[in-house]
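Visitor: got a predicted structure plus its sequence, pasted below:
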Amino acid sequence: MTSSRSWVLAGVVAGTTGLATSYLAAKVLTIRETPLVAAADLVVRLTPGPVAEWAIDTLGPADKPVLMVSVVLVLLGSFALAGWAWGLAWWRGVLAWLAVAGAGLLAVLLQRGAGMVETLPLAVGLVTTLVVTAGLGRAGRVPDGADPEKDGDLEGDGAGTRWRGGRRGLLLGLSVAAVVTVASTAIGRIIGNRKRAVQESRRLLRIPGVTDRDAPARARIGLEGVTSWRTPSEEFYRIDTTLAVPTIDPGQWRLRIHGMVDREVVLTYDDLVTMELTEAWVTLNCVSNPVGGGLVGNAWWSGVRTATLLELAGVQDGADAVLQTSEDGWDCSTPLSAMTDERDAMVAVAMNGEPLTIEHGFPARTLVPGLYGYVSACKWVVDWEVTRFDRVEAFWTQRGWAEQGPVKIASRIDVPAAGDSVPAGQVRVGGVAWHQHVGISAVEVALDGGDWQEAEIASPKTDETWVQWAATVPVPEGEHVLRVRARGKDGAVQTGVRRDVVPDGATGWHTVEFTAAGPDD
């Protein structure tokens with residue numbers, strides 16, 4: 001095989017086969033993150049804060065698929081270069097493959113809790129790649145002076161006769177590699193049915209004390225088009241850094257509480273769900289939510305108060321933070337005071353009357369009303385270290401976000417939507433406003449820069465959720481701009497100064513441009 005293109009193809013095929021066998025090995029060893037996922041996770045951890053924020057804002061839910069596709073394309077390019085290098089000299093190819101494997105090894109070892117076992121799939125993939133590259137090169141080799149277009153040639157005579165592969169040998173080798181790739185992937189998927197098993201255990205799970213609640217009548221403003229007061233679980237926003245969603249069997253889940261405590265505590269899932277449960281409506285929102293954005297939702301949560309769990313361990317004097325760590329290695333530093341005061345901070349086990357979905361943290365996650373998720377909402381939580389802020393630096397604070405993230409007062413216009421055309425006259429407008437753990441006392445709207453007009457607000461009887469609001473505004477024909485602002489129960493008035501989400505949440509009034517049409521328009 002003398003063609004550079006053939007060697008490039010051989011490299012891509014060999015690398016892909018190696019990825020498939022590493023995937024199979026990871027599933028056999030019940031390792032959650034394959035080398036491919038580990039590489040993508042490393043990219044996430046190394047991405048600067050502004051770039052991560054741009055990806056979330058620009059790509060939304062597509063950010064992870066785009067990242068995975070990008071990583072795969074980079075890998076395919078690396079495979080092609082390694083194959084080309086092998087064509088120049090076999091030892092150059094070996095060095096190229098070792099360089100690719102070295103990058104993968106770094107990504108694997110930087111995973112939380114990684115050890116020698118986690119490196120085995122990478123070793124399997126590397127050996128497979130070297131064997132397949134060498135095999136394809138041998139299968140496609142054509143001696144000097146022979147016609148490379150022939151299906152094959154015979155060399156020698158009698159008992160010494162042997163087959164020289166040529167095109168037929170190369171195609172045969174590629175076919176074998178393809179079969180190995182497909183078979184490894186298929187078997188890996190069959191073996192890797194852990195998620196399906198966890199989903200089934202979740203489906204059958206019944207947690208004593210968990211109830212379901214519909215939105216109370218007093219929490220609804222009665223205006224069509226305003227965001228539903230209760231957010232369905234399947235529509236609740238999701239922002240996290242994991243590429244392989246942790247699938248944790250409840251029977252294997254543990255929460256370790258240690259650090260500046262009188263005694264270390266390790267809780268099982270059974271321990272948790274047999275404790276006294278608290279239930280509450282709580283609105284969560286992401287620090288990456290822009291003014292008027294949709295990264296906010298409200299649900300009925302059931303769980304055990306964080307204050308109760310910390311009391312079991314006995315917090316020592318001087319502690320002011322809890323470093324929470326997820327099963328996938330993500331962490332956040334949460335103010336200890338917010339986890340031990342009167343608010344309904346909890347380790348949640350259910351959402352809207354059902355066990356948490358896997359994507360939202362099953363079997364258990366932390367939520368703390370009044371704080372942005374990047375400092376409090378630890379899904380798949382497995383570790384609490386009671387500590388001090390001056391001793392730790394968590395995932396997002398390392399990337400430029402503020403150390404503590406109290407939720408800012410915010411409001412949003414849902415009706416009319418941007419670009420809508422409505423009949424001129426008395427127009428009903430509405431939306432939602434929130435300032436968790438403080439509460440909303442009033443919402444005001446202004447048309448075309450005019451005076452502020454107070455809106456009606458619903459009364460959910462809790463300060464931990466958003467409120468719906470509505471107002472009737474006289475709107476003449478033409479194009480208009482509607483703006484909204486909220487007032488908190490602490491007297492704070494939402495500022496109109498526009499600020500970016502970094503470092504501690506966006507500010508500014510949400511504005512909507514719409515048109516009012518006359519009866520003949």
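Guide: Perfect, I can see it now. Here the structure is a predicted model, which is why all the values come from computation and not from measurement.

Visitor: buried set for the strand or helix carrying L105?
Guide: In this assignment (DSSP states H and E), L105 forms part of helix 90-109. Residues of helix 90-109 classed as buried: 93-94, 96-97, 100-101, 103-105, 107-108 (neighbour count, 16 or more other C-beta atoms under 10 Å). Using the backbone N, CA and C atoms, a C-beta is placed for each residue, glycine as well.

Visitor: just the closest of the residues you listed to S333, please.
Guide: Among these, A107 lies closest to S333 (C-beta to C-beta), at 24.7 Å.

Visitor: okay but that closest one is in contact with A39, surely?
Guide: Yes: contact criterion C-beta atoms under 8 Å: A107 and A39 qualify, at 4.4 Å.

Visitor: between the two, what contacts are shared?
Guide: Shared contacts of A107 and A39, defined by C-beta atoms under 8 Å, 6 or more residues apart in numbering, are absent.

Visitor: picking that back up, tell me the one among the buried residues of helix 90-109 nearest to W86.
Guide: Closest to W86, out of all of the buried residues of helix 90-109 and judged by C-beta to C-beta, is G93, at 2.5 Å.

Visitor: and what about the residue lying closest to that closest one once chain neighbours are set aside, helix, strand or coil?
Guide: Using C-beta to C-beta, 6 or more residues apart in numbering and skipping residues adjacent in sequence, the residue nearest G93 is W86, 2.5 Å away. Secondary structure, DSSP: H, G, I helix; E, B strand; the rest coil: W86 is helix.

Visitor: residues touching W86, list them.
Guide: Going by C-beta under 8 Å, 6+ apart, W86 touches 7, 10-11, 92-94, 96, 133, 137.

Visitor: pick the one among those closest to D448.
Guide: For these, the minimum distance to D448 (C-beta to C-beta) is 63.2 Å, reached by G11.

Visitor: ok so, going back, and the contacts of W86 as TSV, adding pLDDT?
Guide: Shown next, in TSV, are these (pLDDT from 0 to 100):
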residue	pLDDT
W7	89
A10	90
G11	91
R92	93
G93	92
V94	94
A96	94
T133	91
G137	83
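
Visitor: which one of these is nearest G518?
Guide: Closest to G518 out of those is G11 (67.9 Å), distances taken as C-beta to C-beta.

Visitor: and the closest one, what element?
Guide: For G11, the enclosing helix or strand under DSSP H and E is helix 4-28.

Visitor: same question, C332
Guide: Using DSSP H and E, the element containing C332 is strand 331-335.

Visitor: what does that strand contact?
Guide: Counting by C-beta under 8 Å, 6+ apart, 320-325, 366, 368, 371, 374-378, 387, 389, 392-397, 403-404 sit against strand 331-335.

Visitor: name the helices or strands packed onto the helix or strand just after it?
Guide: Beyond strand 331-335 on the C-terminal side, the first helix or strand identified by DSSP H and E is helix 336-340. If contacts are counted by 3 or more C-beta pairs under 8 Å, 6 or more residues apart in numbering; DSSP states H and E, helix 336-340 sits against helix 306-313, strand 321-326.

Visitor: most packed of those?
Guide: Highest mean neighbour count of those: strand 321-326, a mean of 25 (counted as mean count of other C-beta atoms under 10 Å).

Visitor: how many residues are close by P61?
Guide: 10 (other C-beta atoms under 10 Å).

Visitor: could you measure from the closest residue to it other than its chain neighbours over to A101?
Guide: Leaving aside its chain neighbours, P61 sits nearest to R238 (7.5 Å; criterion: C-beta to C-beta, 6+ apart). Between R238 and A101 the computed distance is 33 Å (C-beta to C-beta, to the nearest Å).

Visitor: wait, doesn't E53 sit right on V501?
Guide: Yes: between E53 and V501 there is a contact under C-beta under 8 Å: 6.3 Å.

Visitor: could you tell me which residues touch both of these two?
Guide: S288.

Visitor: ok, the strand holding C332: who's next to it in the sheet?
Guide: Using DSSP bridges, strand 331-335 pairs in its sheet with strand 321-326 (antiparallel).

Visitor: alpha carbons of the strand it pairs with, as CSV, please.
Guide: Coordinates of each C-alpha in strand 321-326 appear next as CSV, following Å, rounded to 0.1, in the frame of the first residue of the first chain:
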residue,chain,number,x,y,z
ALA,A,321,-19.3,26.9,52.9
VAL,A,322,-20.2,23.4,51.7
LEU,A,323,-18.3,22.2,48.7
GLN,A,324,-20.8,19.9,46.9
THR,A,325,-19.6,17.4,44.4
SER,A,326,-21.6,15.5,41.8
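
Visitor: identify the residues contacting that strand?
Guide: With contact meaning C-beta under 8 Å, 6+ apart, strand 321-326 is reached by 112, 242, 246, 259, 310, 331-336, 339, 366, 376, 378-389, 392, 394.

Visitor: quick one: which of those sit in helices?
Guide: Among the contacts of strand 321-326, the members found in helices (DSSP state H) are 310, 336, 339.

Visitor: so what's T181 up against?
Guide: Listed by C-beta under 8 Å, 6+ apart, the contact partners of T181 are 16-17, 20.

Visitor: got it, and P416?
Guide: Contacts for P416 (C-beta under 8 Å, 6+ apart) come out as 422, 427, 429, 482, 512, 514.

Visitor: so who does the residue nearest to G508 when sequence neighbours are not counted touch?
Guide: Leaving out its chain neighbours, the residue that sits closest to G508 by C-beta to C-beta, 6+ apart is R498, at 3.8 Å. Neighbouring residues of R498 by C-beta under 8 Å, 6+ apart: 291, 506-508.

Visitor: so how far is stretch 82-92 from its chain's centroid?
Guide: Averaging C-alpha positions (C-alpha atoms, centre = their mean, to the nearest Å) puts stretch 82-92 38 Å from its chain's average.

Visitor: swap in stretch 362-369?
Guide: 15 Å.

Visitor: domain boundaries for this structure, per the record?
Guide: Following automatic domain parsing, one gets these domains for the chain: 4-192, 217-398.

Visitor: return the most buried member of those.
Guide: Most buried of the domains of the chain by mean neighbour count (mean count of other C-beta under 10 Å) is domain 217-398; its value is a mean of 20.

Visitor: give me the mean pLDDT for the host helix or strand of V51.
Guide: Using DSSP H and E, V51 sits within helix 49-59. Taken as a whole, helix 49-59 has an average pLDDT of 81.

Visitor: also stretch 98-117?
Guide: Average pLDDT, stretch 98-117: 84.

Visitor: got it, and stretch 323-332?
Guide: 95.

Visitor: what's D320 sitting at in phi/psi?
Guide: Phi and psi for D320, reported as degrees, to the nearest 10, are phi -140, psi 10.

Visitor: if I look at the closest residue to R213 other than its chain neighbours, how far off is H437?
Guide: Excluding the flanking residues, the one nearest R213 by C-beta to C-beta, 6+ apart is W300, at 4.7 Å. Relative to H437, W300 is positioned 17 Å away (C-beta to C-beta).

Visitor: ok, the most centrally placed residue in the chain - contacts?
Guide: Nearest to the geometric centre of the chain sits D240, at 2.6 Å (C-alpha atoms, centre = their mean). Contacts here follow C-beta under 8 Å, 6+ apart; on that basis D240 touches 330, 379.
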